[in-house]
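[1] this is a predicted model, with the sequence first.
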Amino acid sequence: MLTIAALYHFTRFDNPAALRPPLLALCQAQGVKGTLLLAREGVNGTIAGPRDGIDAVLADLRALPGCAGLEWKEAEAEAMPFGRMKVKLKAEIVTMGQPDVDPTARTGSYVAPADWNALISAPDVAVIDTRNDYEVAIGTFRGAVDPGTRSFREFPQWWEENRARFAGKRIAMFCTGGIRCEKSTNYLLGQGVNEVFHLKGGILQYLEDVPAGESLWDGECYVFDGRVSVGHGLHPGAYDTCHACRRPLSPADKERPEYERGAACHHCLGEYSDADRARFRERQRQMDLAEARGERHFGG
């Protein structure tokens, strides 16, 4: 059984490029795969590997400057959900494009999963889902506002265009693991919203802590690894991924005539050229050949 760890931490790294080589070498030596993002504002990512390997990497991360308080979310998987290990340098560990946003200065008030239902059921609270549209489409909290954004970078513009809708309301925000809300709640506080809250540990913590019979969550939660989606108790969900556009697909979506395994789905039918489709088909062919040999293709 392998351990999956989803993590993030905002801190100030003076030279993130210097952190990359030893971190990548440690992950590879420990049999850990996945993706870690390093930026001047901190670290973010999801990794998977043997228990001892994950523990070694987490210990190394917690020893980095300002990272002693790093927290992470764990799950288990029978098969490795990643093909390789990547440590990438980025301008932001979650891209919002707002240079004045600083989660280390202040954020909204954290709300524990056990207290979340009461908050979002209050009549003076507006609940906003900060995730991308394809994530919201497969599951969200009952009554939550969907901004319909294709990327987190679009959220500030959406807020500017819609802020009048929320006048006099307390704002409760949520995302998969909590990282987007660190930035979005800081942004709203900077925009003059007085009472801003966010779900501690994100949707994943809620699905782990709150029994299904008491839940206000409808659907499944998209995750950025080989599981694709999870439900209550963080059990793997029913969704698969389109290997062309990486959007989630339900079993019914894969029965649609637009679906071509590894090459197309109804979401991306008009988004790629014939050359792209040919490349996707070849990648799928190579993946099938690797599977037949009992190997894993990196494109999987």
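    Done, it's in. Numbers count the residues shown, from 1 in each chain.

[2] tell me which helix or strand comes right after the helix or strand encompassing residue 88.
    Following DSSP states H and E, one finds residue 88 within strand 85-89. Where DSSP H and E defines the elements, the next helix or strand beyond strand 85-89 is strand 109-111.

[3] the helices in the protein, which residues?
    For the chain, helices defined by DSSP state H occupy the ranges 16-29, 51-62, 113-120, 133-136, 155-162, 179-190, 202-209, 274-292.

[4] picking that back up, what are the C-alpha coordinates of the strand holding residue 88, in PDB please?
    Coordinates of each C-alpha in strand 85-89 appear next as PDB, following Å, rounded to 0.1, in the frame of the first residue of the first chain:
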ATOM      1  CA  MET A  85       8.800  12.800  -9.900                       C
ATOM      2  CA  LYS A  86       8.800  16.500 -10.800                       C
ATOM      3  CA  VAL A  87      10.000  19.500  -8.800                       C
ATOM      4  CA  LYS A  88       9.100  22.700 -10.600                       C
ATOM      5  CA  LEU A  89      10.100  26.300 -10.100                       C
END
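
[5] looking at this structure, which helix or strand does the model trust least?
    strand 71-77 (a mean of 89; mean pLDDT, DSSP states H and E).

[6] name the strands paired with it and say parallel or antiparallel.
    Here strand 71-77 is paired, per DSSP bridges, with strand 2-10 (antiparallel).

[7] correct me, but residue 32 touches residue 48?
    Yes - with contact defined as C-beta atoms under 8 Å, residue 32 reaches residue 48; the gap is 7.0 Å. C-beta coordinates here come from the backbone N, C-alpha and C atoms, glycine included.

[8] so what touches stretch 105-125?
    127, 141, 143-144, 168-173, 181-182, 185-186, 188-189, 195-201, 205-206, 208-210, 214, 216 (C-beta atoms under 8 Å, 6 or more residues apart in numbering).

[9] in it, what's buried?
    107, 108, 111, 113, 116, 117, 119, 120, 125 (16 or more other C-beta atoms under 10 Å).

[10] ok now it, how far from the chain's centre?
    20 Å (C-alpha atoms, centre = their mean, to the nearest Å).

[11] pLDDT below threshold where in the stretch 51-200 of the chain?
    For the stretch 51-200 of the chain, no stretch has pLDDT under 70.
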